[in-house]
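Q: Sharing a sequence plus its predicted fold:
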Amino acid sequence: VIKKWKNNTAHDLPFGKGRALLYAYYSELSEVRKAEVISVFDAEDIVDPSLFKYAIAGLEDGYDIIQGKIKYRNGSKSLLTALEASEPVIWSNLIYPHTSNPDVPFQVLGPAYFFKSNLPAEIGGWSPFTTSEDVDFGFKAWSSGKRLALLDIYTSELGVESIASWFKQRRRWARGHQKAMFSEYLSGDTKIQTVKNRWNFWTYSLNSQLMSITSIIGVPSGIYQLLQSITENAQSLGFIMITITIFNLLHWLYGSIYLINSTKKVYSFNSKREELLFYARVNPITTLFYSMLWFIPVVLAISDTIGRKHIEWEHTPREGELDFQLPGQEQSSQKLDPGT
């Protein structure tokens, strides 16, 4: 859909996924609105068929949006894709479930969500003027009193495979969440309610960006203090630095235990060797430095936000994202990478 409309820019909306969704929904050529239920997926997604059954059941039970969980299926390709594969596990199981609380602003995850066909028209659809249309769509639904249900069923996606694409994608994600902090849809009836809404969004979403910044400070400080202690030349770091270091240590321990337990439940492996290779790449040490790597896109996104830099949505290519099979095509079944 995006490629189809990319050249139609004379009197058009900004290029991006938000625009593509708007066209798919509102275009006179589209019959999407005639359906009872609409679902959104990305081109490379491989979907568990049971997701449809339970999503429809959730909508019939009175929920307004049904969201499936996300995992990556190319985690065995490299160190980068393995570390990427750990992210949606943490997000889908540790952070995102809290947004099912009616008092907490929620976002949809981009793909794998379902809603009744009248919902976009009722809440205003997707914004083409943001790099994170999923956050905006969720906020609109939440501010209109809509309810979200999260299903423990995974849709398989592809993580980006180059470091350049990783920085581009994470910068876009970070920027979208930062701008969402000031969204009009977080405004409450009183100033106190507005502060509460923004605080809840910060706690369950933006806080992960803060962790990358504190890690840049806390991890080197902790290593320095450890080396000084070993050489018996340790000096006090001061109350603030010690607090940051201890906070990072506790966060690291909790996150490491949760990560290992969660990935064992979500990912299956074709062999013991494959499993050992995955955990050699995804372990408490590598994920610690991976969280520090997030510091770069987060700071770049902060610079974009403060400078009000106009940046359009950019597609981050993934290998094999269009290698899907339409019904009736005489092609061999898609072979999944290990780690599915």
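A: Sure, I can see it. Numbers count the residues shown, from 1 in each chain.
Q: my guess is residue 83 meets residue 280, correct?
A: No: between residue 83 and residue 280 there is no contact under C-beta atoms under 8 Å: 11.7 Å. To be clear about C-beta, it is placed using only N, CA and C from the backbone, and glycine gets the same treatment.
Q: Comparing those two, which residue is more hemmed in?
A: residue 83 (21 against 11; other C-beta atoms under 10 Å).
Q: Where does that one fall, secondary structure wise?
A: helix 79-90 (DSSP states H and E).
Q: buried ones in stretch 30-43?
A: By neighbour count on 16 or more other C-beta atoms under 10 Å, the buried set for stretch 30-43 is 38, 39, 40, 41.
Q: Span of that stretch from start to end?
A: 18 Å (C-alpha to C-alpha, to the nearest Å).
Q: what does it rub up against?
A: 21, 23-26, 47, 52, 55-56, 59, 108, 110-117, 119-121, 155, 157, 321-322, 324 (C-beta atoms under 8 Å, 6 or more residues apart in numbering).
Q: how about the residue nearest the centre of the chain, what does it touch?
A: Nearest to the geometric centre of the chain sits residue 109, at 5.9 Å (C-alpha atoms, centre = their mean). By C-beta under 8 Å, 6+ apart, residue 109 lies in contact with 67, 69, 70, 92, 96, 134.
Q: so where do the strands sit in the stretch 1-150 of the chain?
A: For the stretch 1-150 of the chain, the strands defined by DSSP state E, counting those that start in this stretch occupy 37-40, 46-47, 65-72, 113-116, 148-157.
Q: and those, which is most packed in?
A: strand 65-72 (a mean of 24; mean count of other C-beta atoms under 10 Å).
Q: which helices and strands does it pack with?
A: helix 50-60, helix 79-90, strand 113-116, strand 148-157 (3 or more C-beta pairs under 8 Å, 6 or more residues apart in numbering; DSSP states H and E).
Q: give me the number of residues near the residue lying closest to residue 70 once chain neighbours are set aside?
A: Nearest non-adjacent residue to residue 70, counting by C-beta to C-beta, 6 or more residues apart in numbering: residue 88, 4.3 Å away. Residues contacting residue 88 under the criterion other C-beta under 10 Å number 20.
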